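[1] let me see the structure of the following:
(one chain, ligands or ions: 3)
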Amino acid sequence: MASSKKIGVLLMNLGTPEAPTPEAVRKYLKEFLSDRRVVDLSPILWKPILNGIILNLRPRKVAKVYQQVWMDEGSPLLVLGNRLRDGVQNALDQLEDQYVVASAMTYGTPNVESAANQFRREGVSHIFVLPMYPQFSGTTTAAAYDRLMNSLAKCPDWPTLNLYHDYADHPLYIQALAKSVTRQWEAQGEKRHLVLSYHGIPKRYVTNGDPYARRCEKTSALLATQLGLNEDEWTHVYQSRFGREEWLQPYADKTLASMPASGLKRINVISPAFSIDCIETLEEVTLELGDEFKHNGGEVFDYIPALNDTSEHIALYKDIILENTVAWRDEP
Ligand SMILES: C=CC1=C(C)c2cc3[nH]c(cc4nc(cc5[nH]c(cc1n2)c(C)c5CCC(=O)O)C(CCC(=O)O)=C4C)c(C)c3C=C
Ligand SMILES: [Fe+2]
Ligand SMILES: [Fe+2]
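    Ligands and ions are numbered 1, 2, ... in the order given. Okay, the predicted model is just below:
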């Protein structure tokens, strides 16, 4: 007999400003950049830099960038993330009426408290938490879990929880990325050198034990194998450097600037660390890195979109969810 137990699925992502305005961006950056998982410097050192310099200069500049990518319904990270959430809910509903899929951001809204209220209303007793980061990092996945635990710290009773680690090497994730690449190659009528550009983190974090770089390298190697690429047909880089210390290398901007001189003038760029397109992919990769490449002699640059709400992405999330909740489904 089918169980009547309700299982919650909590999709967690980073967070995004509520509006493309300097005020909203300031509020967002203040919360995000005050998290010591993200910037681990001593608050005595970091607070004056954050409050005195960054939060005075960056919001106006970054708000203009958000204005360039903003959608009618809101920030791309939120809008496209909601579409994926709805797609996953529909896919699960076709199997059984047992799952409630909600999304929450680590910073800003919707937050874990609003998701918890939805779960409570729907009688959810078991929650599978799926951070939307394919490669685990303390700066993202663990920060999401810190946020969840802080919320639960005030709770006298807990749901049963299953916290997912990551899916950097999940076969359906690699297949979904490969499908995106081949779809792009078919549409453009040629196969090009493939740049895999990941969001960076400070190199020191990896030296101190963050597995992120290792997980990114794993994804790249598996995708290259899946696509049958030789070593000289793909390049692994890190983008989004922030601040003065050394971040993971090779840097995307420097690498792309040097490619045309070595004969690589027609490229595709994919950003596997982003499950959903956002300011970092729509502006930093598509516009900034594209310009950098072309200013240095590059001829053709095309970004391959994130998996967003494609059927392959929905199938991947559905598979992860079903596999990790199988024991709960059959409980009386
Ligand atoms: C300052 C340190 C930062 C670390 C470490 C970092 C890690 C990290 N971030 C993502 C995913 C996203 N980052 C996004 C935006 C963003 N990231 C940083 C800084 C760090 N990220 C900043 C300051 C910003 C805001 C924009 C800016 O001011 O430049 C986003 C997009 C949010 C959006 O609204 O669109 C995502 C997603 C990963 C995966 C990661 C490490 C693994
Ligand atoms: Fe970031
Ligand atoms: Fe950036």
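
[2] which parts of the chain are helices?
    Ranges of helices in the chain, per DSSP state H, are 22-33, 43-49, 55-69, 76-93, 112-121, 143-152, 171-188, 203-207, 212-227, 252-258, 279, 290-295, 311-324, 326-330.

[3] relative to ligand 3, which of those is closest?
    Comparison of the helices of the chain against ligand 3 by C-beta to the ion identifies helix 279 as nearest, at 6.7 Å. Heads up, the C-betas are built off the backbone N, CA and C, glycines and all.

[4] does the closest one reach ligand 3?
    No. Contact of helix 279 with ligand 3 (C-beta under 5 Å from the ion) is absent, the minimum separation being 6.7 Å.

[5] packing partners of that helix?
    helix 55-69 (3 or more C-beta pairs under 8 Å, 6 or more residues apart in numbering; DSSP states H and E).

[6] can you list contacts of stretch 162-171?
    Stretch 162-171 is contacted from outside by 126-131, 133-136, 141, 145, 173, 215-216, 218-219, 222, 316, 319-320, 324-325, 328, using C-beta atoms under 8 Å, 6 or more residues apart in numbering.

[7] of all the helices of the chain, which lies closest to Ile7?
    helix 326-330 (5.6 Å; C-beta to C-beta).

[8] and that closest one, what's buried?
    In terms of neighbour count (16 or more other C-beta atoms under 10 Å), helix 326-330 has its buried residues at 328-329.

[9] run through who's touching that helix.
    3, 5, 7, 96, 98, 126, 160, 162.

[10] how about stretch 197-209?
    By C-beta under 8 Å, 6+ apart, stretch 197-209 touches 40, 135, 137-139, 210, 212-214, 216, 236-241, 243, 245-249, 251-252, 269-274, 280, 285, 289.

[11] next up, the contacts around the residue nearest in space to the middle of the chain.
    Closest residue to the average C-alpha location of the chain: Phe274 at 3.5 Å, with C-alpha atoms, centre = their mean. For Phe274, the contact set (C-beta under 8 Å, 6+ apart) comprises 199, 280-281, 306.

[12] so which of the residues you listed would count as near ligand 1 as well?
    Among the contacts of Phe274, the ones lying near ligand 1 by C-beta under 6 Å from any ligand atom are 199, 280.

[13] from the contacts of Phe274, pick the one nearest Asn150.
    His199 (23.6 Å).

[14] distance of the closest residue to Leu84 other than its chain neighbours relative to ligand 1?
    Spatially, and ignoring its direct neighbours in sequence, Leu84 is nearest to Asp309 (4.4 Å; C-beta to C-beta, 6 or more residues apart in numbering). For Asp309, the distance to ligand 1 (C-beta to the nearest ligand atom, to the nearest Å) stands at 16 Å.

[15] how about stretch 111-120: buried residues?
    112, 115-116, 118-119.

[16] ok, stretch 208-222 next?
    Buried residues in stretch 208-222, counted by 16+ other C-beta under 10 Å: 210-213, 215-216, 218-220, 222.

[17] and what of stretch 50-62?
    50, 54-55, 58-59, 62.

[18] for those residues, which one is nearest ligand 1?
    For the buried residues of stretch 50-62, the minimum distance to ligand 1 (C-beta to the nearest ligand atom) is 4.4 Å, reached by Val62.

[19] burial count for the closest residue to that closest one other than its chain neighbours?
    Distance criterion C-beta to C-beta, 6+ apart; nearest residue to Val62, sequence neighbours excluded, is Val25 at 5.1 Å. Val25 is flanked by 25 other residues according to other C-beta atoms under 10 Å.

[20] so how far is stretch 53-73 from its chain's centroid?
    Stretch 53-73 has its C-alpha centroid displaced from the chain centroid by 19 Å (C-alpha atoms, centre = their mean, to the nearest Å).

[21] and this structure, what are its domains?
    22-69, 171-304 (automatic domain parsing).

[22] what is the end-to-end distance of the last one?
    The one in question is domain 171-304. End-to-end span of domain 171-304 (C-alpha to C-alpha, to the nearest Å): 19 Å.

[23] rewinding a little: give me whichever of the domains of the chain is most buried.
    Comparing the domains of the chain by mean neighbour count (mean count of other C-beta atoms under 10 Å), domain 171-304 ranks first with a mean of 18.

[24] just the contacts of Phe274 now: which is nearest ligand 3?
    The closest of those, once distances to ligand 3 are taken by C-beta to the ion, is Glu280, at 5.0 Å.

[25] any idea how far the closest one lies from Tyr99?
    30 Å (C-beta to C-beta, to the nearest Å).

[26] quick one: the closest residue to ligand 3 within the chain from ligand 1, how far?
    Distance from ligand 3 to each residue of the chain (C-beta to the ion) is smallest for Ser240, at 4.1 Å. Going from Ser240 to ligand 1 by C-beta to the nearest ligand atom gives 6 Å.
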